[in-house]
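Colleague: The sequence and its predicted three-dimensional model are supplied below.
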Amino acid sequence: MREKEYLFNNANKIDEILVKHGMNRSRIVAIMQDIQNEFGYLPEKNLKYISMKLQTPLSQIYSIATFYRAFSLKPRGKHLVTVCLGTACHVRGGARIVESIQKMFDVKPGEKTKDGLLSLETVNCLGACALGPVVVVDGKYHGHITISRLERIVKGILNENKK
Amino acid sequence: MVNITVNSQIISVKEKTYILEAAKKQSIDIPALCWQPGLEPHGACRLCLVEIEKSGRKRMVTSCNYPVEEGLIVRTNTEEVVKTRKIIIELLLARCSTNKKIQELAEKYGVTESRFEKKEEDCILCGLCVRVCREIIGKEAIGFSGRGIYRKVTSPFEQPPQECIGCGSCAFLCPTGAIKIENGLNMRKIAEINCEIPLVFCQYCGRPIAPLRQIEFLKEKTSLPEDIFYTCAECKRKNYARRLIAMSSKR
Ligand code: SF4
Ligand code: FES
Ligand code: FES
C-alpha cells in the first residue's frame, strides 16, 4: 500500500515536470535534470515512465543517464562533493583532494558514506579550468580550493546536519 | 551528377553520395568497419579515412560520411593515409587483441604488432547493432551506455530489453562477432544485450522457427495468413509440393 502511494505521488511530481517542459521530448535532458534535482538521483521507474510518456526509447534515456556525470542512477548522499579531475585541475592536485576527502570521511569516489550524508564524485572538467582546482559542494563552486579549506567547508555542512 | 577524381581516375557520381560509396562502385578498396549500406554513416571506426584535396588544400577525412562535391580530389592510398590507417588498426588490435576478425584485418593491412596496451575486448563500439535496431527494425531496444573508457553496448539498465524482438540483426551485422546468438532448447539468447525470448516451433515438424516476439512483429507488419508464421521453411516447401501434386493428379 505504502509502495503504491509512493509510486503514485512520484508520478504526479514527474507529470508536473513533464508538463513544465511542454511534454517536449527534445527537452529530455532538462527533464532529467529536474528529476535528478527532485530526488537526488534518477529512479529507474521514473525513467521508464517518461520513456513511455514522451514516446522516447528507453535505450536513449539510459544512454543519456549514464553519459553525463551530473546524473546518478543510485541515490546520492544528502550532500554531494564533486571534485574536478579534468586536465587543468588534475595538474593542480585534484587527485590529492579526492584522496584526502576519501580518507577524511571514509567514502570512495562514486559512493556515499555509511550514514548516507555525504557522496563523493569526480568529474572531468567543469569548464572553469582557470579556477582550478575546482570542487563543487552541494552545487556551489569553490575555485582554487585547498584541502584544509575544503575540509572546513565539508565539516561545516555535516555539522549543520547534526544540529 | 558531380565529377570527382579518385586516385587520378575521374568518375561521375550522384550528388549526396558519400566518398566511400563512390569508391566502392569503382571497386577501390577502403577498409570500413562501421559502415553498412542502408544505414546512416556513423564515422566511429575511423578506418575509412582518405585524403581529399579541395582548392589546393589537402586534409584527411572519413570517407563514409563525407559527401562528394564537384571537383573533389580523393586519394585513398597515399603514404600518409596508409600510415595513419595502420595506427588506427594498431589501436583496434590493442583493444581486441584476441579477436579473429580484427586480427585478420590487421594482417590484411600489414600490421603485425601493436605498441599499445593490450585488452581483450570484442566490441569496437562501431554502433552498427545500435543503428540497425533503430533504423531498420525500428525498435531501438539497445544503445550505448557510459562514456569514454566505460562506453559499451547494452540494454537499458542492463535488464532484458522490453523492445527487443530477438531478431538478431545486431548479431548479424556485428563486424567482430561481439554479439552472439544462442538458440537453446526453448529460448533464443543474446547474452551481450541481456535478451532471452522463447522460440516458436514449426507446427508440422517441431523445429524452431523464430523468436515469439519476432513472429508477433512480422504478423503486425504483414497481413499474411496465420499459418505461414507457424510453419518452417522446409515444411512450407513440402506442403506446397504436396498441394501441387494433389492438384495435378486431380486433373
Ligand atoms: S557489438 Fe558489434 S555491432 Fe555492436 S558496436 Fe560492438 S562491434 Fe559494433
Ligand atoms: S579541469 Fe577542472 S574545471 Fe576544467
Ligand atoms: S567506416 Fe567510416 S569511420 Fe567507420
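Modeller: Perfect, thanks for sending it. Numbers count the residues shown, from 1 in each chain, chains lettered A, B, ... in the order given. Ligands and ions are numbered 1, 2, ... in the order given.
Colleague: show me what contacts A:Y49?
Modeller: Going by Cβ atoms under 8 Å, 6 or more residues apart in numbering or on different chains, A:Y49 touches A:11, A:14. (Glycine included, C-beta is placed from N, CA and C.)
Colleague: before we move on, which element is it in?
Modeller: Element membership of A:Y49, judged by DSSP states H and E, is helix A:44-53.
Colleague: And chain A, what are its domain boundaries?
Modeller: By the assignment in automatic domain parsing, chain A contains the domains A:3-67, A:79-162.
Colleague: my read is A:I17 is in a helix, agree?
Modeller: Yes: applying DSSP: H, G, I helix; E, B strand; the rest coil, one finds A:I17 inside a helix.
Colleague: What is the burial count for it?
Modeller: A:I17 has 20 neighbouring residues, counting by other Cβ atoms under 10 Å in any protein chain shown.
Colleague: my read: it touches A:A30, true?
Modeller: No: the criterion here is Cβ atoms under 8 Å, and A:I17 misses it with A:A30 at 9.0 Å.
Colleague: What is the burial count for A:H144?
Modeller: As a burial measure, A:H144 scores 11 neighbours (other Cβ under 10 Å).
Colleague: how close does the spatially most central residue of chain A sit to A:Y62?
Modeller: In chain A, the residue lying closest to the centroid (Cα atoms, centre = their mean) is A:A70, at 5.0 Å. Distance, A:A70 to A:Y62, using Cβ to Cβ, to the nearest Å: 15 Å.
Colleague: about what we covered before: work out for me the element the residue nearest to the centre of chain A sits within.
Modeller: Short version, using DSSP H and E: A:A70 is in no helix or strand.
Colleague: Strands of chain B, start to end?
Modeller: Here chain B has its strands, by DSSP state E, at B:2-6, B:9-13, B:49-54, B:57-62, B:73-75, B:143-145, B:152-154, B:182-183, B:187-190, B:195-201, B:208-211.
Colleague: Check chain A too.
Modeller: With DSSP E as the criterion, chain A has strands at A:79-84, A:111-112, A:118-123, A:135-137, A:140-142.
Colleague: what about the third one and ligand 2, any contact?
Modeller: No: interface with ligand 2: strand A:118-123 contributes nothing (Cβ under 6 Å from any ligand atom), its closest point being 7.8 Å away.
Colleague: what's the nearest residue to residue 13 if we skip its chain neighbours?
Modeller: No chain in the question, so chain A it is. Once flanking residues are discounted, A:K13 sits nearest to A:E38: 6.1 Å by Cβ to Cβ, 6 or more residues apart in numbering or on different chains.
Colleague: try chain B instead
Modeller: Counting by Cβ to Cβ, 6+ apart, the residue nearest B:V13 is B:A22, at 4.4 Å.
Colleague: quick one, what contacts the one you found?
Modeller: Taking Cβ under 8 Å, 6+ apart, one finds B:4, B:6, B:11, B:13, B:68 in contact with B:A22.
Colleague: So the first one is in contact with B:K14, correct?
Modeller: No: counting by Cβ under 8 Å, no contact exists between B:I4 and B:K14, whose distance comes to 11.2 Å.
Colleague: Give me the more crowded residue out of those two.
Modeller: Applying other Cβ under 10 Å to B:I4 and B:K14 shows that B:I4 carries more neighbours, namely 21 against 11.
Colleague: which ones are touching the more buried one?
Modeller: If you count contacts by Cβ under 8 Å, 6+ apart, B:I4 has them with B:10-13, B:19, B:22, B:68-74.
Colleague: Got a quick ChimeraX command for the buried subset of those?
Modeller: Applying 16 or more other Cβ atoms under 10 Å in any protein chain shown to the contacts of B:I4, the buried members can be selected in ChimeraX as follows:
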select /B:11,13,19,22,68,72,73,74
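Colleague: For A:K155, state which of the contacts of B:I4 is nearest.
Modeller: B:I19 (60.1 Å; Cβ to Cβ).
Colleague: Next one, pLDDT for the closest one please.
Modeller: At B:I19, the predicted lDDT confidence score is 97.
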